[in-house]
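J.: Please find the sequence and the predicted model below.
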Amino acid sequence: MVTLRIAALALGLAGPPVAHPLHTTLTQLEYRAVEKTVRVTVRAFADDFTAAAGGVADSMAARYLRSVVTLTGRDGRPLSLAWCGVRRTGDLLWLCLEARAPASGLAGMRIEARQLFERYGDQINIVQASYGGGREVSLLFVPGDHARALP
Amino acid sequence: MSELRTFIELGFRHIADVAALDHILFLCALATIYRLADWRRALWVISAFTVGHSITLALAVTGLLALPTSLIEFLIPVTIVATCVENLIVRDRTRAPWGGRYRPMLAGVFGLVHGAGFANYLRALFVTPIAVPLFGFNVGIELGQLAVLSLAALGLTLVDRLLTVVFPNPLRVRIALVSTIVLVVAAHWALERAPW
C-alpha cells in the first residue's frame, strides 16, 4: 500500500516525458585574410532555428540572425553583417553572415551570440574563432552573458 | 586550451542540469544501493558507465554508428527501470552471481545506450578535428556525474538518518524507497517514449 502511494506520488511528479535535448549551436568565426573579411557561420538545428526566426526564408533568417549575433570592432563600432546565405544538411542549417574585417583582424573584436536564448533557458552557444595561421579560440555563451572580447 | 575548457563546460552543463533528469535518475538508481563506506564500489560502477557512454559517443560522433533517436530515447528509461528492478530483486549481493560484481558490466552496457543519447545531439555540432571536443565533453560529463553523485550521497545520507528513527535497517528501506520512485518515473517515460 505504501509502495502504491509512493508510486502515485512519483507518477504525479513525472509530468510529461522529457527527452534530454542539448540546446546548442556552433558559431564559427573565420578571419579571411585574402578577402579581408570575417565570415560568421552558425550551425543550428533546423527546427529550433525556424521556430525562433519565424521561418527559414533568407529575409527572415538574416533578420533574426543579425538581431542576435553582433560583432563590434576594437573602436567600439558594430560591424555591418551582410547575409551570405543558408544551406541545409540533414536536420542542420548552416547560416552565413559576412563583414569587412577590421585592420587589426579578430583580436580585440567583441562578439555576442544570443541565438535561441529567448526560447531555451539551457541554450548554449559555442563560438570558435579562427584568426588564421592556425590560431583558434573557443568561447561559450549562455543566457545572461554579454558581449565578450576575443583575446 | 580554450576549446578544451569550453567542451568540458558543455559536458558538465549537460549533466548538471534539471533537464538531464533521466541521466540524474539513472545515476541515483546506480548509487542508491551503496553506503558512503562503499564509495570505491560505487566509483567502479560509475566509471564503467563513463567508459560505456564514451565508446558510443565516440563511435556516433565519428559517424561509425548511427542509431535512431526515438529508439535511444526509449531505451534510456528502460535502462533506469532495469537498474531499479535489479536493486529491488537482489537483496544479498554476496549471493548474487559473481558476488554482485556484474554491476559494473551492467553499468557499462547501459552507458552505451546513454552515450548514444548524448551523441544524437552532438554529432552534427562537433567540428573537426574532434579529439579535443570529444575528450573535453567526456571529462565534463564525468565531472558533472561526480557533482550529481556527491549531492545524491548527501541526500541519501539524510534519508538514512530519517529512516533510522523508525527502521533498524535503513539501507534496505532506502533502496526500496528510492528504487520504487525512480522505477515508476522511468517506466512512465518508457511508455510515453515507446516507438510503437
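T.: Thanks, I have the structure now.
J.: Report all helices and strands that the top helix by length along chain B contacts.
T.: Using DSSP state H, we find that the single longest helix of chain B is helix B:131-164. Helix B:131-164 sits against helix B:2-15, helix B:21-31, helix B:39-61, helix B:103-122, helix B:170-193, with contacts defined as 3 or more CB pairs under 8 Å, 6 or more residues apart in numbering or on different chains; DSSP states H and E. To be clear about C-beta, it is placed using only N, CA and C from the backbone, and glycine gets the same treatment.
J.: can you redo those helices as TSV with mean neighbour count and mean pLDDT?
T.: What follows is the helices and strands packed on helix B:131-164, written out as TSV (neighbours: other CB atoms under 10 Å in any protein chain shown; pLDDT from 0 to 100):
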stretch	mean neighbour count	mean pLDDT
helix B:2-15	20	86
helix B:21-31	24	90
helix B:39-61	19	88
helix B:103-122	22	85
helix B:170-193	20	92
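J.: Please report how far residue A:147 lies from chain B.
T.: 17 Å (CB to the nearest CB, to the nearest Å).
J.: What is the burial count for the residue nearest to that residue when sequence neighbours are not counted?
T.: Closest residue to residue A:147 apart from its sequence neighbours, by CB to CB, 6 or more residues apart in numbering or on different chains: residue A:112 at 3.9 Å. Residue A:112: 17 surrounding residues under other CB atoms under 10 Å in any protein chain shown.
J.: coming back round to it: buried residues in the longest helix of chain B?
T.: Across helix B:131-164, burial judged by 16 or more other CB atoms under 10 Å in any protein chain shown covers B:133-146, B:148-149, B:152-153, B:156, B:159-160, B:163.
J.: For chain B, which residues are neighbours of chain A?
T.: B:2-3, B:5-7, B:9-10, B:13-14, B:17, B:19-23, B:73, B:76-77, B:117-118, B:121-122, B:124-125, B:127, B:176-177, B:180-182, B:184-185, B:188-189, B:192-193 (CB under 8 Å from any CB of the partner chain).
J.: re the thing from before, check whether the residue nearest to residue A:147 sits in a helix, strand or coil.
T.: Assigned with DSSP: H, G, I helix; E, B strand; the rest coil, residue A:112 falls in the strand class.
J.: Check the one 10 residues further on too.
T.: Secondary structure, three-state DSSP: residue A:122 is coil.
J.: Look at residue 76 and report its pLDDT.
T.: This is for chain A. Listed pLDDT for residue A:76 reads 88.
J.: I was thinking of chain B, sorry if that wasn't clear
T.: Model confidence at residue B:76 (pLDDT) stands at 92.
J.: for residue A:15, same thing?
T.: For residue A:15, pLDDT reads 47.
J.: For the closest residue to residue B:29 other than its chain neighbours, pull up the helix or strand it's in.
T.: Using CB to CB, 6+ apart and skipping residues adjacent in sequence, the residue nearest residue B:29 is residue B:83, 4.3 Å away. Element membership for residue B:83 (DSSP states H and E) is helix B:69-89.
J.: what sits up against that helix?
T.: Helix B:69-89 has contacts (CB atoms under 8 Å, 6 or more residues apart in numbering or on different chains) with A:17, A:19-20, B:22-23, B:25-26, B:29-30, B:32-33, B:103, B:106, B:110, B:113-114, B:116-117, B:120, B:175-176, B:178-180, B:182-183, B:186-187, B:189-190, B:193-195.
J.: show me where chain A has strands.
T.: Applying DSSP state E to chain A gives strands spanning A:24-32, A:37-45, A:69-72, A:82-89, A:92-100, A:110-113, A:124-132, A:135-141, A:148-149.
J.: Partner strands of the shortest one, with direction?
T.: Spelled out, that is strand A:148-149. Using DSSP bridges, strand A:148-149 pairs in its sheet with strand A:110-113 (antiparallel).
J.: With the fourth one instead?
T.: Partners of strand A:82-89 in the sheet, by DSSP bridges, are strand A:92-100 (antiparallel).
J.: Could you quantify the relative orientation of the partner strand and strand A:37-45 as an angle?
T.: 160 degrees (axes from the mean of the first three to the mean of the last three CA atoms, to 10 degrees).
J.: what comes up buried for strand A:92-100?
T.: Quick answer for strand A:92-100 (16+ other CB under 10 Å): A:92, A:93, A:95, A:96, A:97, A:98, A:99.
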